[in-house]
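Participant: Give me a model of this one.
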Amino acid sequence: MNQIQIMREDPVVICDGEEIRVTGRAGHLFRLLVLNNGKTVRNTLIASLHDTDVKNAASKIRDLKHHLASFEGLIQNDHALGYRFVGDGWTIDATEFCAAIDRMDGFSNKEKLPEAMTEAKAMEQVLSYWNANPGAEIPGIWEDKFSRLKRKAEERLLEARLYTRNRDQIRDAIQQLEGRVRAKDADDQTWRFLLLAYDALGNQGKVVDTWGTIAQFHNNHPPASLQAVMDGMQNGGANPFRSPVPASAVLGAERRQVSGGHGSDQSPLIDLCATLGITVASALRLEGSHLTPLNCIRRTRSRLYFMGVLSSKWVTEAAVRSEFKQLLARLDAINGDVRFLIIDPDGDGFRRLSELREGHVSTESVDRLRQLIREHKCLKVRMYSNLPAFRIIVIDDDVVSFSAYRVAAKAYLKSERGWESPHVVLDPLAPYPLAEAFQSLFLETWENAKPLETRDDT
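Facilitator: Below you'll find the predicted structure:
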C-alpha cells in the first residue's frame, strides 16, 4: 500500500517497501501541499512558510522534488499560480483521521453497549494515527483545526468507554480524565465525566473529593450543569454509565428496620448483596430468575459465554435453536464472541454424571454443536473432564450468573432437569463483585479445556 504519513514530526512517504523521510523545511512544505490535496498552493503561501520572497518559492519546491525524486508526479506545477499535490492512489493518514472523525458522528444510541464498544474501538484506531499535529507551523487554520479534531476524538473515546459500563474501560477513562486535571486542562465536561465515572464504580469518596475541588475552583459557585449532575446523584438519579441495578431490587427484598441497627432502615444482608453485586434478573433487564436460553439469546449483543453439561437446551429444541442460529449469524458479522464449555462425553466426568443421574443424560446436542461450529466463525466449543459444579452464563460485559448443579438423579429431575434451578445474577459494577470471580473461573476452565473437534478435524 502506498502511504503518506504527515501526522508525525517528519513526514514519510512509503511505496513498495521504500520509505523516504522529508525533513526540515522541506517537510513543512510537503505537509502544506498534502493538507491542500488537489488544490493549488500559491507561491505567496509557500514563500510565507519559509519567510522568503515569492521568487524563491520555486527553489523550495525544487528542494522538495529532490527529496521525492523516486515519486515523479506527486507535486505538479499549476501554471504560474503555484503548485499542487496529487495524492490519487495514496493513503494519507491525516485524511484517514478526518474521515474517521466524520464517521464517528454517525454513531447513535450510545447508551446501548454494542454501539459504545464499537465506538470505543473506532476512536482508539482514530487516535492511533496521531503522532504529531500535521498542521504545526503551517500558515492558516490547520494547527487549530487538528487540535480541535483530536480533542473531539478524545472526548468521544472517553464517553464511549464510560457507556460500555465495563469496569476496566471506566478505569481507563478515569486515568485519562485525572491526567487532564493534573495538566490543568480540565473543563466542565471533564469534571462531569469524572463525577459520573467515580459514581459508576461506587467510589463515593472520590465523588466527594472531586466535588470539593470543583467548588473550590469555581469559588463555591459551580456551574449549573455540574450542580445538576451532583444533585441528581445525591437524589438517586440515574447514572448512564452505571448498570441499572436498583438497591431495592437486590434479592427482591424491601428495606426494613433492623433492631439494634442504630437507626438504619436497611438490612445488612441487602447492603452485603449490593456490595458483592448479587441482584435479580429483572434489575438487569432479563426476564425471570432462571435465565432461559431464549432470554439470554435476546439479551446478548456481542458476547455470550456458557458453561454447562452438554448445552442441550440451546440446540435441541427447534424454536430455541432457530433463534440461537440467528444470534450466531448476527455476531459473525460483527466479530462477536460465543464460547460454550461442555463436559467431555468420552471422559470420566461424564461417565460418573451418567451414573449419578441414572442415564438421564443425552449427547444429542454434541453433533448439533459440531455443525454450528462449522457454520459460524464466532462460535467456539471446548470440553472439560470433571463433574460440573456450576452453570455459568456471561452476557456482554454487564451480566454474569451462576447456579449450582444437582447431579443426583431425583434432585436433578425435580429441578426440571437442572434448568429451573434459580440463578444467582451478579452485577460486574458492584464495589466488590463476585462476577469477576465467576468470569475468572470460566476463563480458567476454558484455557484448560480441549476443543470440540468437528468431523472435518478428525
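Participant: Can you give the domain ranges for the chain?
Facilitator: Per automatic domain parsing, the domain ranges recorded for the chain read 1-164, 281-451.
Participant: Out of those domains, the one nearest Ala238 is which?
Facilitator: Closest of these to Ala238 is domain 1-164, at 10.3 Å (criterion: CB to CB). Placement of C-beta: from N, CA and C, glycine included.
Participant: who's in contact with the spatially most central residue of the chain?
Facilitator: What sits nearest the mean C-alpha location of the chain, by CA atoms, centre = their mean, is Met117, with 3.2 Å. Shown in contact with Met117 (CB atoms under 8 Å, 6 or more residues apart in numbering): 160, 164, 166, 302, 397.
Participant: Could you rerun that using 10 Å?
Facilitator: Contacts for Met117 (CB atoms under 10 Å, 6 or more residues apart in numbering) come out as 160-161, 163-166, 169, 301-303, 334, 396-397.
Participant: Kindly report the same for Ile4.
Facilitator: Counting by CB under 10 Å, 6+ apart, Ile4 touches 11-15, 22, 30-31, 34, 37, 71, 74, 85, 87, 90-95.
Participant: how about 6 Å then?
Facilitator: 13, 90, 92 (CB atoms under 6 Å, 6 or more residues apart in numbering).
Participant: next SSE after the one helix or strand in the chain whose mean pLDDT sits lowest?
Facilitator: Sorted by mean pLDDT, DSSP states H and E, the helices and strands of the chain end with helix 409-414, the least confident at a mean of 52. The first helix or strand that comes after helix 409-414 along the chain, using DSSP states H and E, is strand 424-426.
Participant: circling back to that earlier point, confidence score at the residue nearest to the centre of the chain?
Facilitator: What the model reports as pLDDT for Met117 is 74.
Participant: coming back round to it: so which of the contacts of Ile4 sit within strands?
Facilitator: Within these, residues falling in strands by DSSP state E are 13, 92.
Participant: what would the contacts of Ile4 look like in JSON lines with pLDDT and neighbour count?
Facilitator: Conversion of those to JSON lines gives the following (pLDDT from 0 to 100; neighbours: other CB atoms under 10 Å):
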{"residue": "Val13", "pLDDT": "90", "neighbour count": "22"}
{"residue": "Trp90", "pLDDT": "89", "neighbour count": "19"}
{"residue": "Ile92", "pLDDT": "91", "neighbour count": "21"}
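Participant: still on that earlier bit, which of the contacts of Met117 has the most neighbours?
Facilitator: Most neighbours among the contacts of Met117, by other CB atoms under 10 Å: Arg161, with 27 neighbours.
Participant: For that one, give me its contacts.
Facilitator: Each residue near Arg161 by CB under 6 Å, 6+ apart is listed here: 120, 169, 172-173.
Participant: cool, Asn166 as well?
Facilitator: Asp397.
Participant: Report the spatially closest residue to Asn133, excluding sequence-adjacent ones.
Facilitator: Phe146 (5.1 Å; CB to CB, 6 or more residues apart in numbering).
Participant: Okay, helices next: where are they in the stretch 251-400 of the chain?
Facilitator: For the stretch 251-400 of the chain, applying DSSP state H, counting those that start in this stretch gives helices covering 268-276, 293-299, 312-315, 318-333, 348-356, 364-375.
Participant: Which parts of the stretch 1-150 of the chain are strands?
Facilitator: Ranges of strands within the stretch 1-150 of the chain are 3-5, 12-15, 18-21, 41-42, 75-78, 82-85, 91-92, based on DSSP state E, counting those that start in this stretch.
Participant: closest one to Glu178 among those?
Facilitator: strand 3-5 (30.9 Å).
Participant: what are the pairing partners of that closest one, and which direction each?
Facilitator: Neighbouring strands of strand 3-5 in its sheet, by DSSP bridges, are strand 12-15 (antiparallel), strand 91-92 (parallel).
Participant: what distance separates it from the centre of its chain?
Facilitator: Its chain's C-alpha centre and that of strand 3-5 lie 28 Å apart, by CA atoms, centre = their mean, to the nearest Å.
Participant: average pLDDT across that strand?
Facilitator: 91.
Participant: Contact partners for Gln169?
Facilitator: The contact partners of Gln169, taken as CB under 6 Å, 6+ apart, are Arg161.
Participant: Tell me the confidence at it?
Facilitator: Here the pLDDT value assigned to Gln169 is 83.
Participant: any idea which helix or strand carries it?
Facilitator: Per DSSP H and E, Gln169 falls inside helix 167-182.
Participant: in that helix, what counts as buried?
Facilitator: Across helix 167-182, burial judged by 16 or more other CB atoms under 10 Å covers 167, 169-170, 172-174, 177-178, 180.
Participant: ditto for stretch 353-362
Facilitator: Those would be 353, 356-357, 361, for stretch 353-362 by 16+ other CB under 10 Å.
Participant: Those into CSV, with extra columns for pLDDT?
Facilitator: CSV is the format used below for the buried residues of stretch 353-362 (pLDDT from 0 to 100):
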residue, pLDDT
Leu353, 84
Leu356, 79
Arg357, 73
Val361, 78
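Participant: Kindly indicate which of the residues you listed lies nearest Gly212.
Facilitator: Distances from Gly212 to those, taken by CB to CB, are shortest for Leu353, at 58.0 Å.
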